[in-house]
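[1] Structure for this input, please:
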Amino acid sequence: MTDKTMTADEAVSRLSDGMTLGIGGWGSRRKPMALVRALLRTGITDLTIVSAGGPDVGMLAAAGRVRRLVAPFVTLDSIPLEPHYRAAREQGTLELTEVDEAMFLWGLRAAANRLPFLPVRAGLGSDVMRVNPALRTVTSPYEDGETFVAMPALRLDAALVHVNRADRRGNGQYLGPDPYFDDLFCEAADTAYVSCERIVGTAELTKEAAPQTLLIGRHTVTGVIEAPGGAHFTSCAPDYGRDEAVQRQYATTPWPEFAERYLRGREDAMTATRAGDGRTA
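    Residues are numbered from 1 along each chain as shown. This is a model prediction of the structure:
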C-alpha cells in the first residue's frame, strides 16, 4: 500500500494562490496548527477559507492571506470572538459568507457527495438569507410542497485536518469527544492533508479504541504528517487541552510580534509565553 507520509512543508508546497481551502476542527479545538504555521511561512495568498473558524482563520486573516471566508462562526471558545478576525472584518480586508451551522454541514455533505446543493430548513426566516442574497430556495416536488434553502456545495481544492492517530496509508483516528466535520472536509476536497499526534501501524488503530473512531478513510487522503502537538495552542483531547496562556497572548498581542515567535514552532510560542508570565520553560 502507498506510504503517504510527508512533512508539513511538503504538504503546503502543493497549495497555491487562489485556492479554496477547508480547515478542520472547531473554534479553538483540534485545529491543524502545524499545517497552518507551515502555510503562513509561504507566500500563498488570495485564499477562500472554509472553516468552523478559530485561530486558523484569525492568523491567516491577520497575515492578509484570505480573500473570502465561508464560516458559521469564528471563535476562540474561551474568548468568544476571535480578535484578529474581528479586526480584519472591521478593516474590510476579507469578504464573508456567513451561514448557519446546519447549512455549513449540508454544504460540505453536498460537496462530499458531488451534488450541486442540498435542501435544508436552516436559514429560513432568518437574516442569513438577507445577508447572502445569492442563496436560493427550492420547492419540494412532492405533495408537501415545502420550501427549503438550497445550500450550495462547499467544494474544496484542498483540506487540512488534524487527528489523534493515523497510519501511513492515510487512515485517520480521533480519540476525543467530537469528530467535528473533519471527514467531510477530506471527502469534499480534491486533495486532503492529515496531520496527527502520532503515526501508528494500521492494526494498532483498533487495539485500544473502537473501529468507529476511524474517522477518515485513506481513499480521501493525499498526505499524512506526523506532528506531535500539531494542534497547539488549540486542544486535541485526550492528548492535551487548550493552552490558555498562549491563546491569551495570541489574542492580546499584535500579530507581527506574535508571528515572529509562533511561526518558528510550538516550543518557541510556549517558551515566550512562559517567560512573559515570569515562568521558565
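[2] State the number of residues packed around the nearest residue to residue 105 once chain neighbours are set aside.
    Using CB to CB, 6 or more residues apart in numbering and skipping the chain neighbours, the partner closest in space to residue 105 is residue 181 (6.5 Å). The C-beta positions use only the backbone N, C-alpha and C, and glycine is treated the same way. For residue 181, the tally of surrounding residues (other CB atoms under 10 Å) stands at 26.
[3] Ok, the one 5 residues further on next?
    Burial measure for residue 186: 29 neighbouring residues, criterion other CB under 10 Å.
[4] For it, which three-state class applies?
    helix (DSSP: H, G, I helix; E, B strand; the rest coil).
[5] how near is the closest residue to residue 177 other than its chain neighbours to residue 214?
    Excluding the flanking residues, the one nearest residue 177 by CB to CB, 6+ apart is residue 237, at 6.4 Å. According to CB to CB, to the nearest Å, residue 237 and residue 214 sit 17 Å apart.
[6] swap in residue 65?
    Using CB to CB, we find residue 65 at a distance of 32 Å from residue 214.
[7] Same question for residue 80.
    According to CB to CB, residue 80 stands 33 Å off from residue 214.
[8] Which one's more surrounded, these two?
    residue 214 (21 against 9).
[9] which residues does that one contact?
    Contacts for residue 214 (CB atoms under 8 Å, 6 or more residues apart in numbering) come out as 171-173, 205-206.
[10] Repeat the analysis, applying 6 Å as the threshold.
    Residue 214 makes contact with 171, 173, according to CB atoms under 6 Å, 6 or more residues apart in numbering.
[11] Ok, residue 80 next?
    With CB under 6 Å, 6+ apart as the criterion, no residue contacts residue 80.
[12] Next one: it from residue 27, what distance?
    Counting by CB to CB, the gap from residue 80 to residue 27 is 10 Å.
[13] Count the neighbours of residue 127 for me.
    Close neighbours of residue 127, defined as other CB under 10 Å, add up to 9.
[14] swap that for residue 11, please
    Using other CB under 10 Å, residue 11 has 25 neighbouring residues.
[15] Would you check how far apart the residue nearest to residue 105 and residue 159 are?
    Per CB to CB, residue 181 is found 10 Å from residue 159.
[16] What of residue 87?
    26 Å.
[17] Compare those two and say which is more crowded by neighbours.
    Shown here are residue 87 and residue 159; by other CB under 10 Å, residue 159 has more neighbours (30 against 15).
[18] Tell me the predicted confidence for that one.
    On pLDDT, residue 159 comes in at 99.
[19] Pull the residues that contact the helix or strand where it lies.
    Assessed by DSSP states H and E, residue 159 sits inside strand 156-166. With contact meaning CB under 6 Å, 6+ apart, strand 156-166 is reached by 15, 19-24, 30, 32, 35, 172-175, 182, 185-186, 188-200, 224, 230-231, 239.
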